[in-house]
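Chemist: I would like to see how this sequence folds:
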Amino acid sequence: MTSKRNWPGHTPLPKGLAVPARRALAHEGLETLEQLAEFGEERVAGLHGMGPKAMAQLQDAMEEAGISFGG
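Modeler: Numbering: from 1, shown residues only. Sure thing, here's the model as predicted:
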């Protein structure tokens, strides 16, 4: 059986993301990098609990996975 992390559109959030950031994303129902890209960079950055370090971690993970925030 293929693990969920290998399914297209199911790239998990990076490990090591701070608890407040994870909580903020979970509150919005965001569980994958693809969902973040659709949600939008400004909206993600504006969530309570999302700081510069968390945003940098997310952007690095998205870049590594070949995913980017939509225009």
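Chemist: quick check: longest helix of this protein.
Modeler: In the chain, taking DSSP state H as the definition, the longest helix is helix 52-65.
Chemist: buried sites along that helix?
Modeler: Ala54, Gln57, Leu58, Gln59, Ala61, Met62 (16 or more other C-beta atoms under 10 Å). C-beta coordinates here come from the backbone N, C-alpha and C atoms, glycine included.
Chemist: got any ranges where this structure has weak pLDDT?
Modeler: The model of the chain has pLDDT under 70 over residues 1-8, 71.
Chemist: at 50 what do you get?
Modeler: In the predicted model of the chain, residues 1-6, 71 satisfy pLDDT under 50.
Chemist: Now Thr32. Its backbone dihedrals?
Modeler: Phi and psi for Thr32, reported as degrees, to the nearest 10, are phi -130, psi 160.
Chemist: Name all residues that make contact with it.
Modeler: Applying C-beta atoms under 8 Å, 6 or more residues apart in numbering to Thr32 gives the contacts Gly9, His10, Thr11, Pro12, Leu13.
Chemist: Which among the residues you listed count as buried?
Modeler: Buried subset of the contacts of Thr32 (neighbour count, 16+ other C-beta under 10 Å): Thr11, Leu13.
Chemist: Tell me the one of the contacts of Thr32 nearest Gly46?
Modeler: Closest approach to Gly46 among these (C-beta to C-beta): Leu13, at 17.5 Å.
Chemist: which residue packs closest to Leu25, ignoring adjacent ones?
Modeler: Leu13 (6.7 Å; C-beta to C-beta, 6 or more residues apart in numbering).
Chemist: got a markdown table for the buried residues of helix 52-65, with distance to Ala26 too?
Modeler: Shown next, in a markdown table, are the buried residues of helix 52-65 (distance: C-beta to C-beta, whole Å):
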| residue | distance to Ala26 |
| --- | --- |
| Ala54 | 13 |
| Gln57 | 16 |
| Leu58 | 14 |
| Gln59 | 19 |
| Ala61 | 16 |
| Met62 | 18 |
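Chemist: Perfect, I'm done here.
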